[in-house]
Each structure stands twice: as C-alpha cells, then as structure tokens.
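Pasted the sequence and its predicted model underneath.
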Amino acid sequence: MKAIEVEHLSKIFKVQKSRGGLKGALQDLFSRQYNEVAAVNDISFSIPAGEICGYIGENGAGKSTTIKMLTGILVPTAGKLNVGGYVPHEEREKFVRNIGVVFGQRSQLWWDIGVIESFGLLRKVYGVSEQDYKKRLDELVQRLDLGDLLSRPVRKLSLGQRMRCELVAALLHNPSIVFLDEPTIGLDIIVKTEIREFLKDMNRQHGTTILLTTHDLQDIEALCSRVIMLDEGRIIYDGGLDTLKTRWGQGTRVTFQFGTACPLGRLQSLTSELYVSWTADNDLHAEVLVPAELNVSDVLAKIVGQPDIAITDIKITETTTDEIVRQIYQTGSATKETQGGTVSHA
Amino acid sequence: MLSAYTDFIRIRFLTMLAYRVNYYSGILIYMLNIGVYYFTWQAIYGDRGEIGGFTASQMTTYIAVSWMARAFYFNNLDREIATDIRDGSIAIQFIRPYNYLFVKMMQGFGEGLFRFTLFMIPGMLLALLLFPVRLPSDPIAWVGFLVMLFFSFLINSQLNILTGLMAFFVENNEGIMRMKRVIVDLFSGLVIPISLFPGWLSAIMQWLPFQAITYLPGSVFTGRTQGTGILEVFGIQVVWFVALLIPIFFMWRAARKRLFVQGG
C-alpha cells in the first residue's frame, strides 16, 4: 500500500518584481509586474506505508513547499496528490486527523499555557478518547523523558525540551503518516540522537510512515533507507542511500605525514602504474585519492617500506555522505540530464 | 470537538486574567474619554433641551454606555490574524482539524468574557459614580441591550477578521487596520451619535454595518428606541451578522489559494 503518491506535482508562486528607483516605485504602484517562480516543478514519487524517506536539497530547493502541499497547507498549482487516501487540500479537516507534522522552525504548542494543557487541548481538537490519550501520553512521556517538563509553560522550555514536546504534540493522535520538516535543527548532538532513536522505534513499533526533510545528513544516515534529492524544484535523485554512496563516492582518501621531507614527484613515480592522484601542501604532508575500483592496500604497499620515506602517520578516510551531497549540490546542473532514479558520475 | 472550542474560550480568558493589571489603566483611560466627551457635550448643550433627538441626560448615558460597550467588544483579532499570516505561523493552523476563523472567534469571545466581567462592569460602576448616567428602568431595555451587545461583539469581530485576512492579499495591512479602527470608532457612533451626522452622511450610515456596533445598542440603552423598535434594530444587527459571513467565506476561500507561507 502506498502512503504517499505524488504525480507531476507543481507549485508556482507569483513574486512581485520591484523596479528600481523612485520612478520604478511609482510604476509599481499602478502596474505591478510578477515573476513566476516554480518552487516545485513537476515532481513524481511514491512512498510505501511504513517507509522512512529522507527529503533533502539546498535551501530553496522546494522541500518545505512540497511538505506544505502534502500536508494540505498549500494548494498545488498542478498535479495529483494522494496522502493516506485523501487529497490533502480538498478534505483538509478530515485528512489532517491522520497525519502528524513537526516544523522544526515553528512551534505548534500554545506559548502562554503549560505543556500539559497544550496536550489536553490537542486531545480535544483531535477528538482522542481520554483512555487512548492517557496511554499514548504515558508512552511518549516515558520514551522522551518529559516527566517534569509537563507543568512548565512552553515559553520557559529550552529548544531541546521544546522539540521533544513538539514531537509529542504531533503524535498524540497516533497518526499513520508523519511529516518532519527539519526536526533536528539547532539541537545538540544528544537530543538529536535521542530523537533519531525515538523515530526509529516508532517506525518499527507502529509502522509509521515518515517523510523527513533535513540539512543534517546524519539524520538521513541514521534513519532513512531511501532518499529523495531535490534541486531547483526538481527531483535529481530518488533511491537508496547506499546506491548514492557507491555512485558518487570518490573512493578513499589516504593522508600521509612524513618524518623527513618527501617530494611529491617521488610519490607519484612510486604509484605511476596506479590511477591515483596526489596532492601535497608541503614536503612533510601528502594526500592520495584512491578510486573505489582500487584497493587502498595496493597503494599503501607501494609507499610503505620504502627506505627513503619515513612515515610518521597514516590516516584513511572514506568520502562522507556530506561530501557526496555537497558535490551533487555543486554540480546539480550536470545531473539533471539523467532521468529519475539515477545520478551519473560527474 | 465542541469541547475543544470551549477550551479556546477558557484558555484565552485565563491568559487575559494573568495580564489583568494592564486593564486597570484601561478603565482609567476610558473614564477620561467619557469625561472629555461629557464636559464637551455639556458645553455644547448649554441651555438647549435637545440636539439630534438626544436630551443632555440621554447624551451622557449614551456616551458612558458606548464607551463601556467598546470596552467589551473591542479586540485585536485583526492584528492577531495578520501576524499569523505575516510570520507564517498560519501554517500550523492548517495542520489541525479545526476551522481557524472559528477558533479565532472563540478566542475573541474568551477575551470578550474577560473584558465584560473585569473591564466593562467595573468601568460602568465607576462611570455611574462619576457621571449622571441614567440606567434604563424597563427590564426589556436591559435584555435587549445585552443581547445586542453580544451582536456588537460578533459584528465587530467579523470586521476585524475581514481586516486581518487582508494580510493575505497585501504585503502590509497595517494601514488598513488603522483605518478600520478609526472608521469603526467614528461611523459606529462612538465619537458622535449618528443622528447628529449631516443628513446625507447619516443616510449612508443606514446602509453600513458600523451603526450596528455602537449606535443601535446605545439607542436601546438610552430608551430612545423602545418596544417593537428594539426588535427592529436587533433585526438590523442580525441581518448584518449574516451578511458579513458571505465576504468572510469568499475571502477565506480565495486566501487558501493564495496562501504563501512566508519564512520557509
């Protein structure tokens, strides 16, 4: 069963053009000119029930706009949408009973009242029975360790405490589909880890479908088996995280520290029959990039044990997802030629 | 679900209660306003018996009750809605299974209840001590006035909602909100009773909703409208209440399509 189905979805915003100068400002008063900006441009994907899917892209790539259409906040300009059996913007009030939403940058708790009062109000808004509410709240409070926060007013919570409360607020009615828009933004590493663990457990226990946008790729690595990457309103990658890594991984980087000066030319000549590239800041420090097809040990074998090279330290680093993604963002245009699901090697 | 809506009333009431000290100064300011208008009208009346159908004593009562009615029906729903739209927190309102405008109305009513019990009633008692206000002796006038006062609140809140929703269509509706406030104070008959407007203007006022906010309930309280006349003016209020639902409905629908969540 598909939890989310999206077909040829687009959202076009009209943005007013301002003309410069006094004359331009006067002209703007009488005849306004608009630019059309496609925040989301003809995207299609579907997410099966029970999946955790990461939705990533640079700022302004259209992630939040997509989430806002999927949650029924925005009305799409074109395309078909089905989330949990509903067309979100058409049957909004019925539809939102089945979903939970967390916006990392906005609070959905009421600022002036105590946390527990906010929860009680949400119980009534969602029409959760007293019994289910108690059970669910106990479970969430215990799991997220909220015990003594409940009586405090929301404005006195720290960001980490607030975010845990936001999660509870979004999940009290036990939604089957959860949208998280940058849920870990601004949080410290401990709270981040806690939230990730919590989401993973929830997905396992209740089979909750989760769509998550984030800039922290560790969220993605910890949670998502699948990732959808967006650039300028289009999907540039949709597939497994592993595939992304093998396709885009630049291989392994080996960093050498030498005790005595070792010129770059000497190193290059030693590995001349291997296709590796060396870089060096100075004679005591060099770096070699080993492509995925080659073994790191082959390269090491050439260097280690040479009588004229005194190695004091070796560091081996894999390309991280961060680096991969940064590279894709930077060369985003190069990958657009390839169609859905694949990313070519730039 | 209904209990959720009543909770919005309760919570707003309690929140207002927490800031009640702010309203003590409000009572003084309203007394000052009543005082200024009272002495001004005293000077205008001099020896004259009647101006625009008001006797001097009716005018005093009208001024006092109009300002105290404002103490009740006034709210900042326009500003609250505009802020929600401008800072993008309106998005949160759309992920909840309720009607945003209805919730706003409930919050406004919670505020109204607070203003009625802790602002209007004490204010009215103080006004009775300070100025020669004459309370109606006819119980029907009391009932009519209180019912109409509730509709003053409804109609004023509807106008506030319409003004607030403008924020969807213009980048900054600050000017519109200020204009609305002045127009409501002037055209509702708070500053000058409508019967004292020049003929052509008072004729136009008959066809606008503002008189339903202050002038009509005030005329019931002062006894200028009596008997079946009360039903008639109440009818005007009801008609406006229903009529104003129509632009709200269409504006809300148009707004949904235009919604552009600011700040990501």
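Arrived safely, thanks for sending. In this text, all values refer to a predicted model and were calculated from it rather than measured experimentally.

Give me the spatial nearest neighbour of the most centrally placed residue in chain B, chain neighbours excluded.
The structure's chain B has its C-alpha centroid closest to residue B:73; by C-alpha atoms, centre = their mean the separation is 3.7 Å. Ranked by C-beta to C-beta, 6 or more residues apart in numbering or on different chains and with sequence neighbours excluded, the top spatial neighbour of residue B:73 is residue B:153, at 4.2 Å. The C-beta positions use only the backbone N, C-alpha and C, and glycine is treated the same way.

Spell out the secondary structure type for the one you found.
The assignment at residue B:153 comes out as helix when based on DSSP: H, G, I helix; E, B strand; the rest coil.

Next, find the distance separating residue B:182 from chain A.
In this structure, residue B:182 and chain A are separated by 23 Å, where distance is defined by C-beta to the nearest C-beta, to the nearest Å.

OK, contacts around that residue?
Contacts of residue B:182 were listed using C-beta atoms under 8 Å, 6 or more residues apart in numbering or on different chains, and none were found.

near chain B, which residues of the stretch 1-150 of chain A show up?
A:13, A:64, A:68, A:71-75, A:89, A:92-94, A:96-97, A:99, A:101, A:103, A:105-108, A:110, A:112-113, A:117, A:120-121, A:124-127 (C-beta under 8 Å from any C-beta of the partner chain).

Buried ones from those residues, can you make that a PyMOL selection?
With 16 or more other C-beta atoms under 10 Å in any protein chain shown as the burial test, the buried ones among these are selected in PyMOL as follows:
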select buried, chain A and resi 13+64+68+71+72+73+74+75+89+92+96+97+99+101+103+106+107+108+110+112+113+117+120+121+124+125+126
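
sorry, back to before: thought the residue nearest to residue B:73 was touching residue B:110?
No - the pair residue B:153 / residue B:110 is not scored as a contact, 11.6 Å apart, by C-beta atoms under 8 Å.

picking up where we left off before, might you report the residue contacts of the residue nearest to residue B:73?
Contacts of residue B:153 by C-beta under 8 Å, 6+ apart are B:72, B:73, B:108, B:109, B:112.

residues in contact with residue B:241?
The neighbours of residue B:241, taking C-beta under 8 Å, 6+ apart as the test, are B:151, B:154, B:155, B:158.

Kindly report the same for residue B:163.
When the contact criterion is C-beta under 8 Å, 6+ apart, the partners of residue B:163 are B:78, B:82, B:173, B:176, B:177, B:180.

Using CSV, lay out these together with distance to residue B:13.
Putting those into CSV (distance: C-beta to C-beta, whole Å) gives the following:
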residue, distance to residue B:13
B:78, 20
B:82, 23
B:173, 28
B:176, 29
B:177, 24
B:180, 25
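
Have a look at these and tell me the least confident one.
Here the lowest pLDDT out of the contacts of residue B:163 sits on residue B:173, with 88.

how deep is that one tucked in, by neighbour count?
Residue B:173: 23 surrounding residues under other C-beta atoms under 10 Å in any protein chain shown.

Give me every residue in the stretch 1-150 of chain B lying close to chain A.
When proximity is defined as C-beta under 8 Å from any C-beta, the stretch 1-150 of chain B approaches chain A at B:1, B:3-4, B:7-8, B:11, B:14-15, B:18, B:88-89, B:91-92, B:94-99.

Can you tell me which of those residues end up in strands?
Of the positions in the residues of the stretch 1-150 of chain B next to chain A, not one sits in strands, assigned by DSSP state E.

among these, which ones are buried?
Going by neighbour count (16+ other C-beta under 10 Å), the residues of the stretch 1-150 of chain B next to chain A have B:4, B:7-8, B:11, B:15, B:88-89, B:91-92, B:94-98 buried.

Show me how far stretch A:35-52 is from its chain's centre.
Relative to its chain's centre, stretch A:35-52 lies at 14 Å (C-alpha atoms, centre = their mean, to the nearest Å).

Repeat that for stretch B:62-82.
On the basis of C-alpha atoms, centre = their mean, stretch B:62-82 is displaced by 4 Å from the centre of the chain it belongs to.

One more: stretch B:189-201?
Using C-alpha atoms, centre = their mean, the distance between the centre of stretch B:189-201 and that of its chain works out at 17 Å.

before we move on, what about stretch A:308-316?
With C-alpha atoms, centre = their mean, you get 37 Å for stretch A:308-316.

low pLDDT regions in the stretch 151-264 of chain B?
Confidence mapping of the stretch 151-264 of chain B against pLDDT under 70 gives the ranges B:260-264.

mind listing the helices for it?
Counting by DSSP state H, counting those that start in this stretch, the stretch 151-264 of chain B has helices at residues B:174-187, B:199-205, B:215-221, B:228-258.

Could you do chain A as well?
If DSSP state H is used as the criterion, the helices of chain A fall at A:21-30, A:63-70, A:92-95, A:115-126, A:130-144, A:159-171, A:189-206, A:217-223, A:241-248, A:264-270, A:296-303, A:321-330, A:332-335.
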